[in-house]
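Undergrad: Could you work out the structure for the sequence below:
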Amino acid sequence: MEYEEFEQLVKEGINAIDKKFLQKLKNVEIVIEDNPTPFQLEKLRMRGALLFGLYEGIPQTKREGYGQVLPDKITIFKNQIEQVYFRPEDIKKAVKDTVWHEIAHHFGMDEHQVRVAEKKRS
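TA: Numbering: from 1, shown residues only. Below is the predicted model:
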């Protein structure tokens, strides 16, 4: 898939988030990278696993005395998603779900809470 097409899917994934949550996104940037860096994989202790997205930052629930900091970063990994999904509609769903998943981390949900909430969404 061309980068521009994938970028559009990420934008659609963002726009699929409930507006009340989009309005509360604070100091967060959403970017696309081809693959995670070795440092990102090591930090997560992921060896050989695929990583679709990554939230790096300070969740809103832990922002005490927060200010004068770089934006949080949500990264969506294009090649990782495309290694698993081939059909455009499957890639679109994976991107949408990954964007939702990482934004949930921004709002303070840990991995277990996100997984439980994902099951309720399905």
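
Undergrad: Strands along the chain, start to end?
TA: 28-33, 53-56, 72-77 (DSSP state E).

Undergrad: Could you double-check that residue 95 sits in contact with residue 13?
TA: Yes. Judged on Cβ atoms under 8 Å, residue 95 makes contact with residue 13 at a distance of 5.0 Å. Heads up, the C-betas are built off the backbone N, CA and C, glycines and all.

Undergrad: Between these two, which is the more surrounded one?
TA: Set side by side, residue 95 and residue 13 show more neighbours around residue 95, with 28 against 23, by other Cβ atoms under 10 Å.

Undergrad: From residue 96, how far off is the closest residue to that one other than its chain neighbours?
TA: The shortest distance from residue 95 to any non-neighbouring residue, by Cβ to Cβ, 6 or more residues apart in numbering, is to residue 9 (4.4 Å). Taking Cβ to Cβ, to the nearest Å as the measure, residue 9 falls 7 Å from residue 96.

Undergrad: The two - which one has more neighbours?
TA: Set residue 9 next to residue 96 and count neighbours by other Cβ under 10 Å: residue 9 wins out with 23 against 18.

Undergrad: Surely the more buried one and residue 93 touch.
TA: No. At 9.4 Å, residue 9 does not count as touching residue 93 under the criterion of Cβ under 8 Å.

Undergrad: where does this structure have low pLDDT?
TA: The model of the chain has pLDDT under 70 over residues 48, 122.

Undergrad: So which residue is dead centre in it?
TA: The centroid of the chain falls nearest to residue 102 when counting by Cα atoms, centre = their mean (3.4 Å).

Undergrad: Can you name the residues that contact it?
TA: Contacts for residue 102 (Cβ atoms under 8 Å, 6 or more residues apart in numbering) come out as 30, 53, 54, 55, 74, 75, 76.

Undergrad: CSV for these, including distance to residue 47 and neighbour count?
TA: Shown next, in CSV, are the contacts of residue 102 (distance: Cβ to Cβ, whole Å; neighbours: other Cβ atoms under 10 Å):
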residue, distance to residue 47, neighbour count
30, 26, 21
53, 18, 26
54, 15, 21
55, 20, 20
74, 23, 25
75, 19, 22
76, 21, 24
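
Undergrad: ok, these vs residue 36, which is closest?
TA: residue 54 (6.5 Å; Cβ to Cβ).
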